[in-house]
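> predicted model, plus sequence, below.
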Amino acid sequence: MSQPIRAPLMAMHAPSERVVAARLGTWEVRRHAETGARHGYFATRGLLHLQLWHPAARVSILTPSRLTNDRFEVWRDGVRFAVRAWSEVAEILSDLALPDGERVALPGGAEVAALHAWMIVRDAVAARRASATRTTVIDAGHTAPALAPVRS
């Protein structure tokens, strides 16, 4: 696990930058609006991610993307953590409770992975395919088709 960094809620974790796409228990699952400019920009660059936001606890979790160096990023109590595995997220948030002492249950890793595949991976693949089929301007008056997408 990397060393935590003390920081105020950063723009990267601001829930206002995203829309609620689903709920997992008491957690909001947020993402950039599909019709927004950021969504298209992020999708073609591998920056798309989900944010799990717990409004009452004011905790944010970003799913791995190029934006987070392919790590989960957790923001909690003014401290930012970057970790590789959901089990490490669970460890960081194992004592998470609301001010009244009520425990906050973390969504299951399989649920988060399924939503990530459905909402993020799907859009990133579609964006790459769309950008690969666009025509690329070579010089004034001459065009050539873009390269075919790379298949893995």
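Noted; the coordinates are in hand. Residues are numbered from 1 along each chain as shown.

> pretty sure residue 112 contacts residue 86?
Yes: the pair residue 112 / residue 86 is scored as a contact, 6.5 Å apart, by CB atoms under 8 Å. For glycine as for every other residue, the C-beta is placed from the backbone atoms N, C-alpha and C.

> now the common contact residues for those two.
Residues touching both residue 112 and residue 86 by CB atoms under 8 Å, 6 or more residues apart in numbering: none at all.

> residue 46 reaches residue 68, doesn't it?
No: with contact defined as CB under 8 Å, residue 46 does not reach residue 68; the gap is 10.8 Å.

> would you map the helices across the chain?
For the chain, applying DSSP state H gives helices covering 37-45, 86-92, 109-116, 122-133.

> which non-adjacent residue is nearest the most centrally placed residue in the chain?
By CA atoms, centre = their mean, the chain has its centre lying nearest to residue 49, at 1.9 Å. Nearest non-adjacent residue to residue 49, counting by CB to CB, 6 or more residues apart in numbering: residue 65, 4.0 Å away.

> count the neighbours of that neighbour for me.
Neighbours of residue 65 under the rule other CB atoms under 10 Å: 20.

> dump the residue contacts of it.
Per CB under 8 Å, 6+ apart, neighbours of residue 65: 42, 46, 47, 48, 49, 120.

> now swap in residue 40 and tell me
With CB under 8 Å, 6+ apart, residue 40 has these contacts: residue 127.

> pLDDT score for it?
Among the per-residue scores, residue 40 holds a pLDDT of 79.

> for it, give its distance to residue 30.
17 Å (CB to CB, to the nearest Å).

> cool, and residue 68?
Counting by CB to CB, the gap from residue 68 to residue 30 is 15 Å.

> between these two, who's got more neighbours?
A direct count of neighbours by other CB under 10 Å for residue 68 and residue 30 places residue 30 higher, at 22 against 16.

> once you drop chain neighbours, what's closest to that one?
residue 18 (3.7 Å).

> wait, isn't the one you found in contact with residue 49?
No: using CB under 8 Å, residue 18 is not in contact with residue 49, being 9.3 Å away.

> need the overlap of contacts for those two.
Joint contacts of residue 18 and residue 49 (CB under 8 Å, 6+ apart) are residue 31.
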